[in-house]
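Participant: give me a model of this one.
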Amino acid sequence: MCLACNSTRLNRRSFITLAGLAGIAAMAGSFAMTTRALASDAAPAVSPEEALAKLQEGNGKFVADAEACAADFGKRRQDVAKGQAPWAIVLTCSDSRVVPELIFGGVTLGELFVARNAGNVVDTDVLGTIEYGTEHLHAPLIVVMGHKRCGAVSAACDVVAHGTKLDGSIGKMIQPILAVALAETDRGEAFIDKTVHANALNGAERILAESPIVARLVDEGKVKIVSAYYDLDTGVVEFMHKA
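Facilitator: Sure, this is the predicted structure:
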């Protein structure tokens, strides 16, 4: 094989490598520009305390008259189409009966930044979502909300109390809840409900412990983290704890 051929192949390989790196750099730059475009650069419109008060007031409205909590999305859709500035982040369960936008008084598009999974578990995806919501969208409040009769928590409690085996990915998903259930000493009728409360508290504490970004914002007084419990029967949200 001739040296000229080797040289040609190396040059082509170098060109492809450089082109690939340039493409990655361009994509990163494009993502950064998109992030800035979609995020609000302004300071949050409300303080953490004001955001919490708005959620409490909205939930009171929902409890008093749930039918009055339907939001008008038509005009609002156009208002927020090119950017968002949510004033609260809500991590809650995927349960179809738990709808934060209704539970907190019919808030409309662009107001809540919501992350959901079964059992409101704090994982890497959730942490990244919350960090984006606080650092880039400037949301001043994080709420970790469990709910009555949570299926994911019930499954974890069944494993602890009865040795139930869970197949597939469900067993892996509830690992963080298992640790909470194992720590609960009351294994009676209140076992599941107490674990739901403890799981929400644990979630708030984990966000603070595992995210330096959120911890810094909390230290600076820009963000507050609270835990909450939603009662499916009454519609009431109980705010339990500040992390």
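Participant: ranges for the strands of this structure?
Facilitator: Here the chain has its strands, by DSSP state E, at 88-93, 112-117, 141-147, 224-230, 237-242.
Participant: quick one, which of these gets closest to Lys54.
Facilitator: Lys54 lies closest to strand 88-93 among the strands of the chain, at 7.6 Å (CB to CB). In this view, the C-beta of every residue, glycine as well, is placed from N, C-alpha and C.
Participant: what lines up beside the closest one in the sheet?
Facilitator: Here strand 88-93 is paired, per DSSP bridges, with strand 112-117 (parallel), strand 141-147 (parallel).
Participant: which of those strands has the highest mean neighbour count?
Facilitator: Of all the strands paired with strand 88-93, strand 141-147 carries the top mean neighbour count, a mean of 28, counting by mean count of other CB atoms under 10 Å.
Participant: now that one against strand 237-242, angle please.
Facilitator: 120 degrees (axes from the mean of the first three to the mean of the last three CA atoms, to 10 degrees).
Participant: strand 141-147 vs strand 224-230, what angle?
Facilitator: Going by the same axes, to 10 degrees, strand 141-147 makes 20 degrees with strand 224-230.
Participant: now do the helices in this protein.
Facilitator: Applying DSSP state H to the chain gives helices spanning 3-38, 48-64, 73-79, 100-103, 124-131, 151-162, 170-173, 175-183, 191-210, 212-219.
Participant: in JSON lines, list those along with mean pLDDT, mean neighbour count and distance to Leu232.
Facilitator: Putting these into JSON lines (pLDDT from 0 to 100; neighbours: other CB atoms under 10 Å; distance: least, CB to CB, whole Å) gives the following:
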{"stretch": "helix 3-38", "mean pLDDT": "49", "mean neighbour count": "10", "distance to Leu232": "34"}
{"stretch": "helix 48-64", "mean pLDDT": "96", "mean neighbour count": "18", "distance to Leu232": "12"}
{"stretch": "helix 73-79", "mean pLDDT": "79", "mean neighbour count": "11", "distance to Leu232": "25"}
{"stretch": "helix 100-103", "mean pLDDT": "95", "mean neighbour count": "21", "distance to Leu232": "10"}
{"stretch": "helix 124-131", "mean pLDDT": "98", "mean neighbour count": "16", "distance to Leu232": "22"}
{"stretch": "helix 151-162", "mean pLDDT": "96", "mean neighbour count": "20", "distance to Leu232": "12"}
{"stretch": "helix 170-173", "mean pLDDT": "92", "mean neighbour count": "14", "distance to Leu232": "21"}
{"stretch": "helix 175-183", "mean pLDDT": "96", "mean neighbour count": "18", "distance to Leu232": "18"}
{"stretch": "helix 191-210", "mean pLDDT": "97", "mean neighbour count": "21", "distance to Leu232": "11"}
{"stretch": "helix 212-219", "mean pLDDT": "98", "mean neighbour count": "16", "distance to Leu232": "29"}
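Participant: with respect to Ser94, which of those helices lies nearest?
Facilitator: Between Ser94 and the helices of the chain, the shortest gap by CB to CB is with helix 151-162, which sits at 8.4 Å.
Participant: this completes my enquiry, with thanks.
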